[in-house]
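# Sequence first, predicted model second:
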Amino acid sequence: MIMLRTEGLGKSFTLHLQGGVTIPVLENVEMTVSAGECVALAGPSGAGKSTLMRCLYGNYGAEHGRILLRHQGREVDLTTADARLMREVRRDTLGYVSQFLRVIPRVATRDIVAEPLMLRGTPREAALARATELLRRLNLPDALHGLPPATFSGGEQQRVNLARGFAAGHPVLLLDEPTASLDAANAEVVIELIQEAKAAGSALVGIFHDLHVRDRIADRLFTVEPIRKAA
Amino acid sequence: MNPLLEARGLNLRFGAVHALEDVSLDLYPGEVVGIVGESGSGKSSLLKVLAGMQPADAGSVAYTDAQGTAHDVLRISDAARRRLMRSEWGFVHQNARDALRMNVSAGGNVGERLMAAGSRHFGKIREEAAHWLTRVEIDTARMDDLPRTFSGGMQQRLQIARTLVTRPRLVFMDEPTGGLDVSVQAKLLDLIRSLVADLGLAVLLVTHDIAAARLLSHRIVVMRHGRIVEEGLTDRVLDDPQHPYTQLLVSSVLAA
Amino acid sequence: MNAPLNPVAEHLAGYNFAYLDEATKRMIRRALLKAVAIPGHQVPFGAREMPLPYGWGTGGIQVTAAVLGPRDVLKVIDQGADDTTNAVSIRRFFGRVAGVRTTDRTREATIIQTRHRIPETALREGQVLVYQVPMPEPLFKLEPRVSETTRLHALGDYGLMQVKLYEDIVQHGEVATAYNHPVMVNGRYLMSPSPIPSFDNPKMHMNPALQLFGAGREKRIYAVPPYTEVRSLDFEDHPFRPIRAPHACELCGSTESYLDEVITDDQGGRIFVCSDTDYCAERRGE
C-alpha cells in the first residue's frame, strides 16, 4: 500500500531581503513510499535531500506539485493542507526524527518522550512505561529520565529525540541522519528500532550519511538530482 | 469541529491610521494562535476587538459558547460580554498590576473570579485558590500575602492563576512575558505551555517575541500595518517565511 | 398649595409645612416611589441645602419632610437614644416647622427617623423608618470609580464585596464588620444598611414597616418596602452572626437588646446599658 507519494514536487526559495533572488532547490520530484519499506534519499551534498524531507513534513511549503499522504484511510495533499490538518497529520500519521532536539526547558525527559503517545490518546501511565522502555534500550541511564535534557550531552539529547520519534509508532516516519554522532552500540539499537518499525508496517524515508547503516536498512535508494543552477 | 471564534472582515481606523484592515481569523477549540508583528502592526487592536473590548468600524466576531450558543461579540450587551469574560474567557495582561487587586491577598485575587461566579463557601474557595497557586508554582504559604510583596514573575503567575481558576475555554494573552527578565520569561513560557496543553485551552497570544510564539503557538498570524500578511503552521511560517516582512521579522530576531 | 388638614398644632409662620417647598417634596416623593419600586437601588435626587451641616442627617430630614403629614407622630433617635443633641435638634425642628406631635415611644410613632440604629421594639405595618445615611454606596471603599460601581450594580456583579469579606476572614478569622454590614435586598441589589450595628441587620428582613434611606451629601435615596427579603452577605461555612456584647443591661436586665458600653469613672469602671433608651425605659416601667 502506497503511504506517501509526490507528484511534480518543486521548491525554490525567494530571498526578499537579498533583492528578491530566487534559488531553485527541487524540481519535479516524483517519489513513492509504501508501507513496510524504507527509502533512503541519495544525492550529492546540497542536492536538496534535507529540503525534500522538510517539504514532506510540511515544515517547508511546497511550491509546485502535490505531496499525497495516506492519513486515516484517505489520501490528503500536504501542499494544500491547512495548519489544523497538518497538526492532525503529524499527531496521527507523520513522524519526524531530526538530528537536533528543540529543548523545552524544565520538562522531564520521560515526559518529552511520552508526549506524542499521550497526544494520540494513550493513557499517561502506559505512555510513560513505553518512554522508559525506549530510553533504556537507547542506554540512557534511569537516573536521567526524570531530568530535563537541557544539560545533557549532544549524544544523550539525540537519543532522547530518537526515543520521542519512535515512541508513537507513526505509520510514516521521516528520519534525518538518525545515527549521526551515535556510538556503534547505540547505532545498532537505532537500526533495530527502524527494522521493528518496518516490520510493523511503517513507511520510512531517511537520510543516512553512514553508508553501512544505510545499506542495512534501506530497501531502495531515491536519488535527489541537483538542479542546473541558473548562472 | 466548529470554530470557537470566527472573525470576518474586521476594519478599524484611528483617524488616518488603519489599525485593522479586512482581518479575518478562525480559532478552534484547543488551538493556540500566535499573533506576531512589530509595535503598531495592529496585533493588540485585533486582540481587543476579538475580546469585545474595542468596537470595530466594520466586520463581525462570533463566539460559540460551551452550550453551542453563538454570540455576536461586537454587538452583545455589556452584561453578556462580562458574563463571557468571567466564565468562558480569560484575559492575561502584559502588566499584572493592571489585572490584580494589589491590596487584596493572593488567595483573594484568585478567589475573586470564583466569588463573582457565585461561590459562597470560604473553605472551598481557599482550597481551589491553593490548588491554582500550586499549579502556577506559588508557595501556598504566600497565599495570604499581598501581591505587592511578590516579584514581577510571581505577579504574572498569580494573574494566570486568577484567570484560569474558572476554567475558561478561551484565553486572550497580551504580551504575557513582556517586561520580565529573560530567565523569568523562560520559566513563565514553559509554565504557560504546560497549562495550556493540560487544560486544552484555546489561546490567542499577542507577542513580538518570535521565540515565545514558536514555543507556544500551533499556528502563527503575521500582522503588518493592520493586515494579516502571512499565516500558517508555526514552524512553516518561521522556517520558510514567504512574505518579505515575515522574512525580515524572522531574520532579525531568530537564532533558534 | 393645599392647606394643612386639621393641624394638630400650629407651626412656625413663614415656612411651608415641614420646611421644604411643595415642588421639592414632590421631587423627593418621585425618587421615593422609584426607590420603593426597585428595592435596594440607589436613586439620585436633588438634595437641598438644609439648615443643618452635612453629617447631621440632612438626607434623612428631607425624606422625613417629604413623607410627613400633619397627623403623623414623629420619633427621632440617634444611636438608639431620643435625648442626644442630634435627635433633640431634629425633633424640635419638625415640631416647629411642621407642628407635628413628637414622641419617644416607638409604639406611638408613625414615622421614626434614625441615625445608626433600628429600635428594639418590633415595628408594625404602617410605620415608616427613615435612616440617615452618610455613604449610600456599599462598594465605595473597594471601587473608587462611581461609573464602575454603577455598572457593577446594573450587572449584579458583587464578587468584589465577597472578596472584602473573604479578606476579613483571612485577616481576623471572621467577618469583621461590626456595623454597616452589606446586605442583598430582594435577591438583587447590594445595599449599605447605613452604619447600623450588624446586630440590627436581621431586623431589616421581612420587616412590616417601610424603610427609607436618605443620603443628603451624596444625593441618593433608597428603600426597602415592607416584607422584603434582606440578607446579610456571608459564606456558607462562615455564616453571618449578629454581634452583641455578652452582658445584661445594667438598668433593665435585658439580655436581648443591643448594649452600649458606658465608662463610669477614671478607674476603668464600666457598665453596659441598652442603646435603645425607650425600650429600656419601658422595661423598667417608666
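Structure's in. What do you need? Numbering: from 1, shown residues only, chains lettered A, B, ... in the order given.
# Find the nearest non-adjacent residue to the residue of chain A found nearest chain B, please.
Going by C-beta to the nearest C-beta, chain B is nearest to A:His16 of chain A, at 3.5 Å. Heads up, the C-betas are built off the backbone N, CA and C, glycines and all. When the adjacent residues along the chain are set aside, A:His16 lies closest to B:Pro244, with 3.5 Å between them (C-beta to C-beta, 6 or more residues apart in numbering or on different chains).
# same for the helix or strand where B:Ala7 lies, what does it pack against?
Element membership for B:Ala7 (DSSP states H and E) is strand B:5-14. Counting contacts by 3 or more C-beta pairs under 8 Å, 6 or more residues apart in numbering or on different chains; DSSP states H and E, strand B:5-14 packs against strand B:17-27, helix B:43-50, strand B:58-64.
# Of those, flag the one that's most buried.
Highest mean neighbour count of those: helix B:43-50, a mean of 24 (counted as mean count of other C-beta atoms under 10 Å in any protein chain shown).
# Up against chain A, what does chain B have?
B:28, B:31, B:186-187, B:190, B:193-194, B:215, B:218-219, B:231-236, B:239-240, B:242-244, B:247-248, B:251, B:256 (C-beta under 8 Å from any C-beta of the partner chain).
# Of the residues you listed, select the buried ones using a PyMOL command.
To isolate in PyMOL the members of those that are buried, counting by 16 or more other C-beta atoms under 10 Å in any protein chain shown, one can use:
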select buried, chain B and resi 28+31+186+187+190+193+215+218+219+231+232+233+234+235+236+239+240+242+243+244+247
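# Could you list which of the residues of chain B next to chain A belong to strands?
Members of these lying in strands (criterion: DSSP state E): B:219, B:231-233.
# Find the nearest non-adjacent residue to the residue in the stretch 151-256 of chain B that chain C sits nearest to, please.
Nearest residue of the stretch 151-256 of chain B to chain C: B:Thr166, at 10.7 Å (C-beta to the nearest C-beta). In space, and not counting its chain neighbours, B:Thr166 is closest to B:Arg113: 4.8 Å by C-beta to C-beta, 6+ apart.
# Tell me the pLDDT of the residue of chain A closest to chain B.
On the pLDDT scale, A:His16 is placed at 92.
# Can you point out the buried residues in the strand holding B:Ala7?
B:5-7, B:10-12.
# from these, which is closest to A:Met31?
Distance to A:Met31 across the buried residues of strand B:5-14 (C-beta to C-beta) is lowest for B:Glu6, with 38.6 Å.
# My read is that that closest one contacts B:Ala62, right?
Yes: between B:Glu6 and B:Ala62 there is a contact under C-beta atoms under 8 Å: 4.6 Å.
# circling back to that earlier point, not counting the strand holding B:Ala7 itself, show me its contacts.
Strand B:5-14 is contacted from outside by B:18-27, B:42, B:45-46, B:49-50, B:54, B:56-64, B:73, B:170, B:202, B:204, B:226, using C-beta atoms under 8 Å, 6 or more residues apart in numbering or on different chains.
# ok, is stretch A:145-161 in contact with chain B or not?
No: against chain B, stretch A:145-161 shows no contacts by C-beta under 8 Å from any C-beta, the least distance being 9.4 Å.
# Kindly check the end-to-end length of that stretch for me.
13 Å (C-alpha to C-alpha, to the nearest Å).
# repeat for stretch B:204-219
End to end - C-alpha to C-alpha - stretch B:204-219 spans 10 Å.
# chain center to that stretch: distance?
Distance of stretch B:204-219 from the chain centroid (C-alpha atoms, centre = their mean, to the nearest Å) equals 11 Å.
# Okay, buried residues for that stretch please.
B:204-219.
# again, but for stretch A:32-39
For stretch A:32-39, using 16+ other C-beta under 10 Å, the buried residues are A:33, A:35-39.
# Tabulate those (CSV), appending distance to chain B and secondary structure.
Shown next, in CSV, are the buried residues of stretch A:32-39 (distance: C-beta to the nearest C-beta, whole Å; DSSP: H, G, I helix; E, B strand; the rest coil):
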residue, distance to chain B, secondary structure
A:Val33, 21, strand
A:Ala35, 26, coil
A:Gly36, 28, coil
A:Glu37, 27, coil
A:Cys38, 25, strand
A:Val39, 23, strand
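# Which single one of these is nearest to A:Thr80?
Nearest to A:Thr80 among those, with distances taken as C-beta to C-beta, is A:Val33, at 19.9 Å.
# The closest one and A:Ala40 touch, don't they?
No: contact between A:Val33 and A:Ala40 fails when scored by C-beta under 8 Å: they sit 10.8 Å apart.
# which residues do those two both contact?
A:Val205.
# Which pLDDT value goes with the closest residue to chain C within the stretch 1-150 of chain B?
Nearest to chain C in the stretch 1-150 of chain B, going by C-beta to the nearest C-beta, is B:Ala116, at a distance of 2.8 Å. Here the pLDDT value assigned to B:Ala116 is 89.
# That one: how many residues sit nearby?
Neighbourhood size, B:Ala116 [other C-beta atoms under 10 Å in any protein chain shown]: 20.
# contacting residues for the nearest residue to it once chain neighbours are set aside?
In this structure, B:Ala116 finds its nearest non-sequential neighbour in C:Gly159, 2.8 Å apart by C-beta to C-beta, 6+ apart. Counting by C-beta under 8 Å, 6+ apart, C:Gly159 touches B:86, B:112-113, B:115-117.
# And the longest strand anywhere in chain A, what does it pack against?
For chain A, the longest strand by residue count, based on DSSP E, is strand A:2-15. Packed against strand A:2-15 by the contact rule (3+ C-beta pairs under 8 Å, 6+ apart) you find strand A:21-29, strand A:32-34, helix A:49-57, strand A:64-71, strand A:203-207.
# make it 7 Å
Contacts defined by 3 or more C-beta pairs under 7 Å, 6 or more residues apart in numbering or on different chains; DSSP states H and E place strand A:2-15 against strand A:21-29, strand A:32-34, helix A:49-57, strand A:64-71.
# sorry, back to before: dihedrals phi and psi, the residue nearest to B:Ala116?
phi -60, psi -40 (degrees, to the nearest 10).
# per-residue pLDDT, it?
For C:Gly159, the model assigns a pLDDT of 90.
# how close does it get to B:Ser39?
For C:Gly159, the distance to B:Ser39 equals 34 Å [C-beta to C-beta, to the nearest Å].
# What sits closest to the residue of the stretch 151-286 of chain C found nearest chain A if chain neighbours are left out?
Closest approach between the stretch 151-286 of chain C and chain A, counting by C-beta to the nearest C-beta: C:Val170, at 31.6 Å. Leaving aside its sequence neighbours, C:Val170 sits nearest to B:Asp144 (C-beta to C-beta, 6+ apart; 5.1 Å).
# Please apply the same query to C:Ser198.
C:His181 (4.1 Å).
# Surely that neighbour and C:Asp234 touch.
No: with contact defined as C-beta atoms under 7 Å, C:His181 does not reach C:Asp234; the gap is 8.9 Å.
# re earlier: can you classify the residue of the stretch 151-256 of chain B closest to chain C by secondary structure?
Judged by DSSP: H, G, I helix; E, B strand; the rest coil, the three-state class of B:Thr166 is coil.
# gap between it and B:Asp235?
Taken as C-beta to C-beta, the span from B:Thr166 to B:Asp235 is 32 Å.
# again with A:Ile227
In terms of C-beta to C-beta, A:Ile227 sits 25 Å off from B:Asp235.
# Residues in contact with whichever strand or helix holds B:Ala211: which ones?
Assigned by DSSP H and E, B:Ala211 belongs to helix B:210-216. Contact partners of helix B:210-216, identified using C-beta atoms under 7 Å, 6 or more residues apart in numbering or on different chains, comprise B:32, B:34, B:36, B:177, B:189, B:192-193, B:196, B:205, B:207, B:220, B:234, B:238, B:249-250, B:253-254, B:256.
# Many thanks, we can stop here.
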